[in-house]
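[1] fold the following for me, if possible:
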Amino acid sequence: MTVALLSTPDQIKNDRKRINTVLDELLGYVVKASQYASCLDNNLMHISEPLIVLVKLINYDRTLDYILQHSQVDFDDENTSVVQFLIKLFLKFYKDVPNDDSLKETTKTALLNIFWSISLRQQYKRELLEIPEFIKIVKEIANEKISDTSPHYVPKYIEDIRKAADGIICNISETPNESEKLQCRALPALRTWAMKVHSSRIDNIDSNSDKTLQPSKPSIMISYSHADSAFCTELCKELDNKNEIFDIWIDWKYCTTGNLWERIADGIVNSSVVLCLLSQKYYESKSCQQEFFYVFNKLKKNVIPIYIGRSNPPNHMELLMCMSKYVRFNQMHPLEPKSLGELMNMINEFLSLNETKSKSSIKEILPSLPVHYEVPTEKNNQPLLRCNMNNT
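    From the prediction side, this is the model:
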């Protein structure tokens, strides 16, 4: 386990023989410990210990593929897959292990982090759906219907149990259809417009003219790892200085309270362009991967990959970005003017395209929305657009 925790990403990727042996040993410890009521193997190692190490290792494509497809560990039932074994183990801990067991919460948290990594891969996530009882429990955890506040320690690379459950549910849900995506793009603009109408007069409205609703400034959302906060802060300052035609959405401004992932999801949905700050720490973070796949797979947003240094993305992420224009910053302080110029050109290009799409999207969705506003007759020689709240 020490070898696994101390290994660098390059060592995990390149030293296959040694890492494969480590992976088999770790999974073997889990299988042996699961056979005892105490969840201790012959070496008195609790089952949570190898699981915590596996959480880190399966962040990488190669190690996850090896564990799920090529592991040399045997199960009691030769037809049982690794995913099925881990789900049964989770259900056992959830139902059978006493709540006063100090390591129960740690084990459940580690397992849900593993399932979260599995759910991020298209080729594996369907196996998670095969046991309805498992999905039901994960949804309950995500919705806070189950409350377990037992104190327990986990390393920094392990996310809390509810966040992991949120990620799993998001990944296994169906992709939004086209009408839902249109609503995601158009409704925020309509809400903003309606608020302005309610609070102020609209002068000189020509009821016969074909005016398009004007939304507020477009939003640029930044997805990043907190390990890259210094670079992110520098980039935000430069973007603020360079342009005044868009707002920047970033977690430290909008996620001070409430459900973090829900607020981040709202930020992504309402954004016109998403900047993904890609680094080794970004690739290793399941939260960052969650944002990345939500942007690419679920919402099909306009994304600009921004590479920090010479990091290379894992295969499952690189596949989605292979057709995307990108920017690379090799110098962090100060940021390279050439790369900043390229980034601004890409942002402006996307915003120009979005402006055309937004107009057509709003026109398409307006007929299906309930009418809450009407244009009254002239009053004091000034046409007003007033809220018709009493008639709804």
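
[2] could you find the closest non-adjacent residue to Leu277?
    Leaving aside its sequence neighbours, Leu277 sits nearest to Tyr224 (Cβ to Cβ, 6 or more residues apart in numbering; 4.0 Å). The way it works is simple: take the backbone N, C-alpha and C, and place the C-beta from them, glycine included.

[3] quick one: that neighbour and Tyr282 touch, right?
    Yes - applying Cβ atoms under 8 Å, one finds Tyr224 in contact with Tyr282, separated by 6.9 Å.

[4] and the gap between Leu343 and Ile12?
    31 Å (Cβ to Cβ, to the nearest Å).

[5] one more: Ile131?
    For Ile131, the distance to Ile12 - Cβ to Cβ - is 30 Å.

[6] hmm, back to that, find residues that contact each of Tyr224 and Tyr282.
    Taking Cβ atoms under 8 Å, 6 or more residues apart in numbering as the contact rule, Tyr224 and Tyr282 both touch 276, 288.

[7] tally of neighbours for the residue lying closest to Glu342 once chain neighbours are set aside?
    Of all residues not flanking Glu342 in the chain, Val327 sits nearest, at 5.1 Å (Cβ to Cβ, 6+ apart). Using other Cβ atoms under 10 Å, the number of residues around Val327 comes to 19.

[8] just the strands from the stretch 151-300 of the chain, written as ranges.
    Ranges of strands within the stretch 151-300 of the chain are 219-223, 247-249, 273-278, based on DSSP state E, counting those that start in this stretch.

[9] now mean neighbour count, distance to Thr80 and mean pLDDT too, for those strands, in JSON lines please.
    As requested, those are arranged in JSON lines below (neighbours: other Cβ atoms under 10 Å; distance: least, Cβ to Cβ, whole Å; pLDDT from 0 to 100):
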{"stretch": "strand 219-223", "mean neighbour count": "23", "distance to Thr80": "37", "mean pLDDT": "90"}
{"stretch": "strand 247-249", "mean neighbour count": "18", "distance to Thr80": "44", "mean pLDDT": "86"}
{"stretch": "strand 273-278", "mean neighbour count": "24", "distance to Thr80": "37", "mean pLDDT": "95"}
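
[10] so can I have CSV of the ones you listed showing distance to Pro155?
    Shown next, in CSV, are these (distance: least, Cβ to Cβ, whole Å):
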stretch, distance to Pro155
strand 219-223, 23
strand 247-249, 30
strand 273-278, 23
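
[11] Ser7: which of those is closest?
    Proximity to Ser7, assessed across the strands of the stretch 151-300 of the chain by Cβ to Cβ, is greatest for strand 273-278 (21.4 Å).

[12] contacts for the closest one?
    By Cβ under 8 Å, 6+ apart, the surrounding residues in contact with strand 273-278 are 218, 220-225, 228, 231-232, 235, 246, 268, 282, 291-292, 295, 301-308, 311, 313, 343, 347, 350-351, 354.

[13] what of stretch 242-253?
    216-222, 224, 232, 236, 239-240, 260, 263-264, 267, 270-273, 340, 344, 347-348, 351.

[14] chain center to that stretch: distance?
    Taking Cα atoms, centre = their mean, to the nearest Å, one finds the center of stretch 242-253 at 19 Å from the center of the full chain.

[15] please apply the same query to stretch 123-130.
    18 Å.

[16] list the buried residues for that stretch?
    Under the neighbour-count criterion of 16 or more other Cβ atoms under 10 Å, stretch 123-130 has 124-125, 127-128 buried.

[17] following element in sequence after the helix or strand where Ile304 lies, please.
    Using DSSP states H and E, the element containing Ile304 is strand 303-308. Using DSSP H and E, the helix or strand that follows strand 303-308 towards the C-terminus is helix 315-321.

[18] skipping its backbone neighbours, what lies nearest Met24 in space?
    Quick fix: residue 24 is Asp, not Met. With Cβ to Cβ, 6+ apart, the residue lying closest to Asp24 is Gln72, at 5.0 Å.

[19] that neighbour: neighbour count?
    With other Cβ under 10 Å as criterion, Gln72 counts 11.

[20] count of residues packed around the residue lying closest to Ile19 once chain neighbours are set aside?
    Sequence neighbours aside, Ile12 is the residue nearest to Ile19 in space, at 5.5 Å (criterion: Cβ to Cβ, 6+ apart). Other residues within reach of Ile12, judged by other Cβ under 10 Å, total 20.

[21] hang on, Ile12 is in a helix, isn't it?
    Yes - assessed with DSSP: H, G, I helix; E, B strand; the rest coil, Ile12 lies in a helix.

[22] list the contacts for it?
    19, 57, 60, 62-63.

[23] if I look at it, how far off is Ala33?
    24 Å.

[24] coming back round to it: of the buried residues of stretch 123-130, which is the nearest to Ile137?
    Nearest to Ile137, judged by Cβ to Cβ, of the buried residues of stretch 123-130 is Leu128 at 11.9 Å.

[25] do you know how far that closest one is from Lys92?
    17 Å.

[26] Leu27 now?
    Taking Cβ to Cβ as the measure, Leu27 falls 16 Å from Lys92.

[27] who has more neighbours out of those two?
    Leu27 (22 against 13).

[28] CA-only coordinates of the helix or strand containing the more buried one in PDB, if you can.
    Assessed by DSSP H and E, Leu27 sits inside helix 16-34. Taking C-alpha atoms only, helix 16-34 is exported to PDB below (Å, rounded to 0.1, in the frame of the first residue of the first chain):
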ATOM      1  CA  ARG A  16       2.700  -1.700 -15.300                       C
ATOM      2  CA  LYS A  17       4.000  -4.900 -13.900                       C
ATOM      3  CA  ARG A  18       4.700  -3.600 -10.500                       C
ATOM      4  CA  ILE A  19       1.400  -1.600 -10.200                       C
ATOM      5  CA  ASN A  20      -0.600  -4.600 -11.500                       C
ATOM      6  CA  THR A  21       0.900  -6.700  -8.700                       C
ATOM      7  CA  VAL A  22       0.000  -4.000  -6.200                       C
ATOM      8  CA  LEU A  23      -3.600  -3.800  -7.500                       C
ATOM      9  CA  ASP A  24      -4.100  -7.600  -7.300                       C
ATOM     10  CA  GLU A  25      -2.800  -7.600  -3.700                       C
ATOM     11  CA  LEU A  26      -5.000  -4.700  -2.700                       C
ATOM     12  CA  LEU A  27      -8.100  -6.300  -4.200                       C
ATOM     13  CA  GLY A  28      -7.100  -9.600  -2.600                       C
ATOM     14  CA  TYR A  29      -6.900  -8.000   0.800                       C
ATOM     15  CA  VAL A  30     -10.500  -6.700   0.300                       C
ATOM     16  CA  VAL A  31     -11.800 -10.100  -0.800                       C
ATOM     17  CA  LYS A  32     -10.200 -11.900   2.200                       C
ATOM     18  CA  ALA A  33     -11.400  -9.300   4.800                       C
ATOM     19  CA  SER A  34     -14.900  -9.400   3.400                       C
END
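
[29] that concludes my questions; thank you for your assistance.
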